[in-house]
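Asks: Turn this into a structure:
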Amino acid sequence: MKILRNNVKSNATAFTLIEMIGVLAVIGILAALLIPKIFDAINSARVNGAAVSINTIKTATADHYAKYGILNSSNGNTLTVALPSTVTNFDTILLNEQMLDKTLSVKICPSNAMVELVQVPSTNSGAVTPAATYNSSTATDWAFDLADTNGVNTVAGTVGVVVYLPNVLESDAKALNDVIDGPALGVPLLAPTGDLYGRVKYTPNTGSGLVNMTIYVTHR
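Replies: Take a look at the predicted model:
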């Protein structure tokens, strides 16, 4: 008896080793190109979010002043602001006055962000200095050069509102400066004096990579 065998031809296909190496190489190239852009986008969102939050404080402060006719007040009751004292958590006051939906929180600042009422210099003179602590007793720590890069105070009055952000990465501080002030009123990374110009200023990076930021909101 003759037995017939049918040859079964497989239609299955498989990648060759060279094809697999090629695919992995393409995936590696795409990952190398895209992952840094993803992280850049995430960081830009953090910085832009901080700028939006600070602008929200500015709008709420303007509403507060329009209603009560005075910055240093809580529900119309005058608050005393004199060096070395400051009124911290001014955003809580704005929240209680229903000028804000929530207190200030920014992702670039791992420590507590603060909104403060401070005593600003009484004259347009004196060198601007960065505030090393939120309760600084030095008047020039609450001075700002809003006009140019001379480092001389242009904020003269009685009281001001500032945002204080401690322990921020210098790269984030510079990025926030570039969003709020523009690069022309910024300084390079590791500048020995820190940033003294515009609405955003910060202390020098002393090697930790971190700086303390002070951001001008308004003054009267």
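Asks: from here on, contacts and neighbour counts on C-alpha atoms
Replies: Will do.
Asks: Now the terminal residues of stretch 87-104, how far apart.
Replies: One end of stretch 87-104 to the other measures 15 Å (CA to CA, to the nearest Å).
Asks: List the buried residues in that stretch.
Replies: 87-95, 97, 99-100, 103-104 (16 or more other CA atoms under 10 Å).
Asks: now, which of those residues sits nearest Tyr68?
Replies: When those are compared for distance to Tyr68 (CA to CA), Glu97 wins out at 10.7 Å.
Asks: ok, now how distant is the closest one from Ala25?
Replies: Taking CA to CA, one finds Glu97 at 59 Å from Ala25.
Asks: Could you do Val200 as well?
Replies: 44 Å.
Asks: so what's the residue lying closest to Ala82 once chain neighbours are set aside up against?
Replies: Leaving aside its chain neighbours, Ala82 sits nearest to Gln119 (5.7 Å; criterion: CA to CA, 6 or more residues apart in numbering). Applying CA atoms under 8 Å, 6 or more residues apart in numbering to Gln119 gives the contacts 81-83, 86, 139, 142, 158-160.
Asks: give me the low-pLDDT residue ranges for this structure?
Replies: Flagging of the chain using pLDDT under 70 yields the residue ranges 1-13, 31, 34-43.
Asks: again, only using 90
Replies: 1-45, 82-88, 110-112, 123-127, 130-141, 147-150, 206 (pLDDT under 90).
Asks: Can you show me the helices along it?
Replies: 17-68, 90-96, 170-180 (DSSP state H).
Asks: These into JSON lines, with extra columns for distance to Ser208?
Replies: Output for the helices of the chain, formatted as JSON lines (distance: least, CA to CA, whole Å):
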{"stretch": "helix 17-68", "distance to Ser208": "20"}
{"stretch": "helix 90-96", "distance to Ser208": "29"}
{"stretch": "helix 170-180", "distance to Ser208": "9"}
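Asks: deepest of these, which one?
Replies: Of all the helices of the chain, helix 170-180 carries the top mean neighbour count, a mean of 21, counting by mean count of other CA atoms under 10 Å.
Asks: can you give me the offset of it from its chain's centre?
Replies: 6 Å (CA atoms, centre = their mean, to the nearest Å).
Asks: Now do that helix: everything it contacts.
Replies: Taking CA under 8 Å, 6+ apart as the rule, helix 170-180 contacts 47-48, 50-51, 108, 183, 185-187, 189, 199-202, 205, 209-211, 213.
Asks: make it 6 Å
Replies: Under the contact criterion CA atoms under 6 Å, 6 or more residues apart in numbering, helix 170-180 has outside partners 47, 200, 209-211.
Asks: Quick one: buried ones out of these?
Replies: With burial judged by 16+ other CA under 10 Å, the buried subset of the contacts of helix 170-180 is 47, 200, 210-211.
Asks: I appreciate the help and will end here.
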